[in-house]
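Undergrad: Kindly return the folded structure for what I paste below:
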Amino acid sequence: MAGASSRGGGDVAAAALRRCTATAIHSGADPAWSSRLTRPRERDGMVVVYGDARRRLERRATDGAPAVLRRSTAEEEEETRKKVTGGNGEKGEREWRVNVPVVGGHAGITIVPLFSQAVPKANLADEDIKAPTKRTQDGGTKVVQAKAGKGSATLSMAYAGALFADACLKDLNGVPDVVECSFVQSSITELPFFASKVKLGKNGVEEVLELGPMSDFEKQGLESLILELKSSIEKGIKFGNQ
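TA: Predicted coordinates for the structure are as follows:
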């Protein structure tokens with residue numbers, strides 16, 4: 001794996017990426033700039049900035065190496081590794097030992113952590129799940145507020161990206177049953193794209209896993225995210241077709 005920037009240095013970036021087995025592209029921009037974008041229309045502009053950067057890097061990654069396996073991480077994957085101490089800390093579990101799948105999208109109500117599927121099992125009632133769910137959904141926003149416009153939740157994104165890249169390397173090396181949450185094209189909901197558990201293999205995503213059993217509160221969360229996530233997906237598809 002190699003690091004490369006989408007800004008300038010096209011020949012250098014292409015040379016760095018050409019012999020890579022896997023390229024992890026973390027979509028991002030200047031954190032000070034992106035953290036100031038709060039209104040919906042301003043946030044929409046991030047799709048163009050991030051998408052253009054990713055598109056240019058993908059072209060360089062495949063220049064001269066059409067068989068390269070491209071893996072990308074984006075802001076939504078930050079949410080797959082949010083703290084859950086609000087939901088499990090008082091139960092005696094250290095946060096890094098708890099695995100909670102997060103499905104849906106990457107912003108606000110489109111983020112739905114499935115605490116009912118936590119490993120180890122949390123045994124939380126719906127009333128107990130509401131607070132940590134809100135905390136997870138607003139995690140990135142709270143970091144932006146704490147930094148007072150000087151950055152975003154970059155460490156969370158970097159950590160999530162590193163874990164996902166590690167998972168990709170494991171499956172490339174033949175490690176079986178590697179499962180991570182990822183935003184992919186799927187048919188497990190009425191939406192064409194959705195973040196959920198996927199089984200990774202040498203050729204990428206081998207299987208999009210079903211959502212599994214959920215609490216009534218989590219089912220309501222899935223119903224509530226449909227319109228907002230659908231709108232975001234449509235904007236992304238429109239950009240991709242330009």
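Undergrad: Please make it C-alpha for all contacts and neighbour counts, starting now.
TA: Fine.
Undergrad: May I have the phi/psi pair for Glu218?
TA: The phi/psi pair for Glu218 (degrees, to the nearest 10) reads phi -70, psi -40.
Undergrad: My guess is it contacts Ile111. True?
TA: No. Judged on C-alpha atoms under 8 Å, Glu218 makes no contact with Ile111 at a distance of 10.5 Å.
Undergrad: More neighbours: these two, which one.
TA: Between Glu218 and Ile111, counting by other C-alpha atoms under 10 Å, Ile111 is the more crowded of the two (25 against 20).
Undergrad: Check for me that Val112 belongs to a helix.
TA: No. In this structure, Val112 is strand, not part of a helix, as judged by DSSP: H, G, I helix; E, B strand; the rest coil.
Undergrad: residues in contact with it?
TA: Contacts for Val112 (C-alpha atoms under 8 Å, 6 or more residues apart in numbering) come out as Val102, Val103, Gly104, Gly105, Thr133, Gln137, Glu218, Gly221, Leu222.
Undergrad: quick one: least confident of these?
TA: In this model, the minimum pLDDT among those belongs to Gln137 (88).
Undergrad: next one: phi and psi at the closest residue in space to it that isn't next to it in sequence?
TA: Leaving out its chain neighbours, the residue that sits closest to Gln137 by C-alpha to C-alpha, 6 or more residues apart in numbering is Gly108, at 5.1 Å. Phi and psi for Gly108, reported as degrees, to the nearest 10, are phi 50, psi -130.
Undergrad: my guess is Gly108 meets Arg135, correct?
TA: No. The criterion here is C-alpha under 8 Å, and Gly108 misses it with Arg135 at 10.1 Å.
Undergrad: Show me which helix or strand of this protein is least confident by mean pLDDT.
TA: Every helix and strand of the chain was ranked by mean pLDDT, DSSP states H and E. The lowest is helix 85-88, at a mean of 42.
Undergrad: Tell me the first helix or strand C-terminal of that one.
TA: strand 102-104 (DSSP states H and E).
Undergrad: Check which helices and strands that next one sits against.
TA: Here strand 102-104 touches strand 111-113, strand 178-185, strand 193-201, helix 216-240, going by 3 or more C-alpha pairs under 8 Å, 6 or more residues apart in numbering; DSSP states H and E.
Undergrad: Give the residue spans of the chain that score low on pLDDT.
TA: Residue ranges of the chain with pLDDT under 70: 1-11, 13-14, 17-19, 21, 25-51, 53-54, 57-97.
Undergrad: Return the member of the contacts of Val112 nearest to Glu228.
TA: The closest of those to Glu228 turns out to be Gly105 (C-alpha to C-alpha; 9.2 Å).
Undergrad: follow-up on the earlier one: same list, the contacts of Val112, but as TSV with distance to Pro120 please.
TA: Listed next are these as TSV, based on distance: C-alpha to C-alpha, whole Å:
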residue	distance to Pro120
Val102	15
Val103	18
Gly104	22
Gly105	24
Thr133	17
Gln137	21
Glu218	18
Gly221	22
Leu222	23
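Undergrad: Distance check, the closest residue to Lys199 other than its chain neighbours against Asn173.
TA: In this structure, Lys199 finds its nearest non-sequential neighbour in Val179, 4.6 Å apart by C-alpha to C-alpha, 6+ apart. Noted for Val179: a distance of 14 Å to Asn173, by C-alpha to C-alpha, to the nearest Å.
Undergrad: Same drill for those two, tell me which one is more crowded.
TA: Neighbour count, other C-alpha under 10 Å: between Val179 and Asn173, Val179 has more, with 20 against 11.
Undergrad: related to what we said a few turns ago, out of the helices and strands packed on strand 102-104, which is the most enclosed?
TA: Across those, averaging neighbours per residue (mean count of other C-alpha atoms under 10 Å) puts strand 111-113 on top, at a mean of 26.
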